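**Q** with the input below, show me the fold.
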Amino acid sequence: MQPETTLTNPVAEEIANEYPSLLKRYQSLFIDLLFSLFAMFGVVAMLDRIGEVPTWVRIVSFILLWGVYEPLCVTLGCTIGNYLMGIRVRKASDETKRINLLRAYIRFAFKILLGWVSFITMFSDKQRRAIHDLIAGSVMIIAK
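**A** Next comes the predicted model:
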């Protein structure tokens with residue numbers, strides 16, 4: 001009796017993505033938080049140099065910085081934290097494609113609303129998808 005051999009597809013193995021750990025995702029999030037804080041200090045310093053700036057300008061600056069940075073960067077490629085940690089957000093249905101701006105905002109909104117709780121599903125999902133990834137149809141992959 002011949003031993004059973006298993007045929008593997010080397011191309012499929014090469015294409016298969018790895019998924020980042022919770023630690024790597026937290027590190028990316030922390031880097032993005034630091035970047036956002038430094039950027040906010042920079043905006044405040046710039047507005048202070050201008051002089052009297054209406055409160056609404058400060059509010060709009062804050063909203064733009066915090067509400068546009070992550071979704072826009074994810075849509076265009078990656079955030080600074082994602083880049084430095086070597087991870088990317090992609091479509092769950094096709095990991096070679098980026099998510100669109102609407103999905104990025106849905107992902108961002110649920111990530112903010114759920115906070116750290118969103119990450120509990122990572123331990124039971126084979127692609128390590130957080131709740132906000134499941135809702136938005138996204139997945140985090142390790143960049144190659």
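**Q** the most centrally placed residue in the chain bridge partners, please.
**A** Nearest to the mean C-alpha position of the chain, counting by Cα atoms, centre = their mean, stands V89 at 5.4 Å. Beta-bridge partners recorded for V89 (DSSP bridges): M140.
**Q** check contacts around it.
**A** Contacts here follow Cβ atoms under 8 Å, 6 or more residues apart in numbering; on that basis V89 touches 74, 78, 82, 98-99, 104, 107, 138-140. Quick note: C-beta positions are derived from backbone N, CA and C, even for glycine.
**Q** same check on C78?
**A** Applying Cβ under 8 Å, 6+ apart, the residues near C78 are 87-89, 143.
**Q** where in this structure is pLDDT low?
**A** The chain contains residues with pLDDT under 70 at 1-16.
**Q** what are the boundaries of the strands in the protein?
**A** With DSSP state E as the criterion, the chain has strands at 87-91, 138-142.
**Q** before we move on, back to that, closest one of the contacts of V89 to E18?
**A** For the contacts of V89, the minimum distance to E18 (Cβ to Cβ) is 10.1 Å, reached by M140.
**Q** the closest one touches R88, doesn't it?
**A** Yes: here M140 lies in contact with R88, judged by Cβ atoms under 8 Å, at a distance of 7.1 Å.
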